[in-house]
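K.L.:
Quick one, fold the following:
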Amino acid sequence: MFQPHYSGLIAISSFRPNASPDIAANQLRAKQSWDAVFDHIYLFGPPDKQLASPRTEFIPCENWPSISLLLAVASWQQDPVCILNADIVVASHLKDSLNRGWGRRAMALTSRRYEFDPAAPDYDRAQVVDMGADFFCAFPQVWKLAYSKIPKQLRIGHQRWDQWILCHLWQQYPQRFWDITYARAIFHPRHGERHMPHHISISESEFPPSYGFPPVLT
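P.N.:
Down below sits the predicted model:
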């Protein structure tokens, strides 16, 4: 039997308070999957009774906090840390899938997302339909370096933060950054409502070179 290399796993995200019923339902569904997988969860936002659990810690902040704030908290941890959007459902085998990467000396891992219909979730039939990357996992020292370099304008819930993280990890760990989409561990509800109130202005010179997704872990 495969033996995990790291028993601990931490999640860091930010949710939308006072959300519409559809968004609230997506966040709650995702959080319930997190409570079954992660050992500790940091949620940027006001305390929320629906999302609360014994392993969840809320961090008050402005809405749509900067990614650099999430990375700062990630850099203080002792175990691998996942940065992910609040509506991402994770599979129960996520930790084992990540440990397969750590066993191959990975420093960071990502996955494309499998889209499902939130009205009738069927994860077995979910398909990858785009290049979205709402999930990254890495060691605290990796997030510490990313924190020192990431443009402070990038915010969760807005475009381009995942592109920057993807490019940065490719540049810094070209032989130790892999894609675990094959594991079918990351799921995203299909939705149309997108609200991005902040204008994010970043020059291309602030982005590391882009190579797309990293190689698939085999």
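K.L.:
shaky segments in the chain?
P.N.:
For the chain, the stretches with pLDDT under 70 are 1-4, 157-159, 192-201, 203.
K.L.:
number of nearby residues for the nearest residue to H188 once chain neighbours are set aside?
P.N.:
Leaving aside its sequence neighbours, H188 sits nearest to R113 (CB to CB, 6 or more residues apart in numbering; 3.9 Å). C-beta here means a position set from N, CA and C on the backbone, and glycine is covered the same way. Residues near R113, counting by other CB atoms under 10 Å, number 25.
K.L.:
Okay, buried residues for the lengthiest helix in the chain please.
P.N.:
With secondary structure taken from DSSP state H, the chain has its longest helix at helix 21-35. For helix 21-35, burial by neighbour count (16 or more other CB atoms under 10 Å) applies to I23, A24, A25, N26, Q27, L28, R29, A30, K31, S33, W34.
K.L.:
with the residues you listed in mind, which one is nearest to G45?
P.N.:
Nearest to G45 among these is Q27, at 10.0 Å by CB to CB.
K.L.:
how close does that closest one sit to S68?
P.N.:
For Q27, the distance to S68 equals 22 Å [CB to CB, to the nearest Å].
K.L.:
repeat for A138
P.N.:
For A138 relative to S68 (CB to CB), the value is 15 Å.
K.L.:
Centroid-nearest residue for the protein?
P.N.:
Geometric centre of the chain, nearest residue: L84, 1.7 Å, by CA atoms, centre = their mean.
K.L.:
What's opposite that one in the beta bridge?
P.N.:
F135 (DSSP bridges).
K.L.:
so it sits right up against A138, yeah?
P.N.:
No: using CB atoms under 8 Å, L84 makes no contact with A138, being 11.9 Å away.
K.L.:
just checking, Q163 touches F207?
P.N.:
Yes: using CB under 8 Å, Q163 is in contact with F207, at 7.1 Å.
K.L.:
Could you pull up the residues touching the residue lying closest to F187 once chain neighbours are set aside?
P.N.:
Leaving aside its sequence neighbours, F187 sits nearest to V89 (CB to CB, 6+ apart; 4.1 Å). Contact partners of V89, counting by CB atoms under 8 Å, 6 or more residues apart in numbering, are R29, A30, S33, F116, P121, Y123, I186, F187, H188, P189.
K.L.:
hmm, which of these are the buried ones?
P.N.:
So, of the contacts of V89, R29, A30, S33, F116, I186, F187, H188, P189 end up buried under the neighbour-count rule (16+ other CB under 10 Å).
K.L.:
quick one, helices of the chain?
P.N.:
Using DSSP H, helices in the chain cover 21-35, 67-75, 94-103, 140-149, 161-172.
K.L.:
Now tabulate the ones you listed in CSV and tack on distance to I202.
P.N.:
Shown next, in CSV, are these (distance: least, CB to CB, whole Å):
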stretch, distance to I202
helix 21-35, 26
helix 67-75, 12
helix 94-103, 29
helix 140-149, 13
helix 161-172, 8
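K.L.:
Out of these, flag the one nearest H5.
P.N.:
Across these, closest to H5 is helix 94-103 (CB to CB), at 4.6 Å.
K.L.:
distance between the closest one and the chain's centre?
P.N.:
15 Å (CA atoms, centre = their mean, to the nearest Å).
K.L.:
And it, what's buried?
P.N.:
L94, K95, S97, L98, N99, R100, G101, W102.
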